[in-house]
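>>> Turn this into a model:
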Amino acid sequence: ISILDRFRFLLHEKKIGQRVQYLIETLFAEWKKEFVDYPSIREGLDLVYEEDKITHEIGLDDDDLDLGTELDRFSYDDMFL
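Down below sits the predicted model:
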């Protein structure tokens, strides 16, 4: 069940106050407009230009993937604490 389905159920149940009902209806109105008034990244906060962004993509089946198996061993440290 999605969050919006749960809100829709609460609206149909009619056991909520008017203020909560108004807020849920406002949320549905914004959802129908696809939240255009609420951008995911504000314009002034996007400090890295698109051409300067570096994306690293790795696959779990890559041959040159370093698994770091040397980190799987525990060794007791006498000097700890």
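>>> low-scoring stretches of this structure, by residue?
Confidence mapping of the chain against pLDDT under 70 gives the ranges 1.
>>> Nearest to the spatial middle of it, which residue is it?
Nearest to the geometric centre of the chain sits Ser40, at 10.7 Å (C-alpha atoms, centre = their mean).
>>> What count of nearby residues applies to Leu11?
Residues near Leu11, counting by other C-beta atoms under 10 Å, number 14. For the C-beta atoms, the positions are set from N, CA and C on the backbone; glycine is no exception.
>>> Now it: which helix or strand?
Mapping Leu11 onto the secondary structure by DSSP states H and E places it in helix 3-13.
>>> Which of the residues in that helix are classified as buried?
If you call a residue buried by 16 or more other C-beta atoms under 10 Å, then helix 3-13 has these buried ones: Phe7.
>>> can you check stretch 18-29 too?
Buried residues in stretch 18-29, counted by 16+ other C-beta under 10 Å: Ile24.
>>> Identify all contacting residues around that stretch.
When contacts are defined by C-beta atoms under 8 Å, 6 or more residues apart in numbering, stretch 18-29 is touched by residues 4, 7-8, 10-11, 16.
>>> re earlier: C-terminal to the helix holding Leu11, which secondary structure element comes first?
Scanning the chain past helix 3-13 towards its C-terminal end, the next helix or strand to appear is helix 18-32 (assignment: DSSP H and E).
>>> export that following helix as CSV, just CAs?
Once side chains and other backbone atoms are set aside, the C-alpha atoms of helix 18-32 remain, and they are given as CSV (Å, rounded to 0.1, in the frame of the first residue of the first chain):
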residue,chain,number,x,y,z
GLN,A,18,-11.4,19.3,8.9
ARG,A,19,-7.8,20.6,9.1
VAL,A,20,-6.3,17.2,8.4
GLN,A,21,-8.8,16.6,5.6
TYR,A,22,-7.8,19.9,4.0
LEU,A,23,-4.1,19.1,4.3
ILE,A,24,-4.6,15.7,2.6
GLU,A,25,-6.7,17.2,-0.1
THR,A,26,-4.0,19.8,-0.7
LEU,A,27,-1.4,17.0,-0.9
PHE,A,28,-3.5,15.2,-3.6
ALA,A,29,-3.9,18.5,-5.5
GLU,A,30,-0.1,18.9,-5.5
TRP,A,31,0.4,15.3,-6.5
LYS,A,32,-1.9,15.8,-9.5
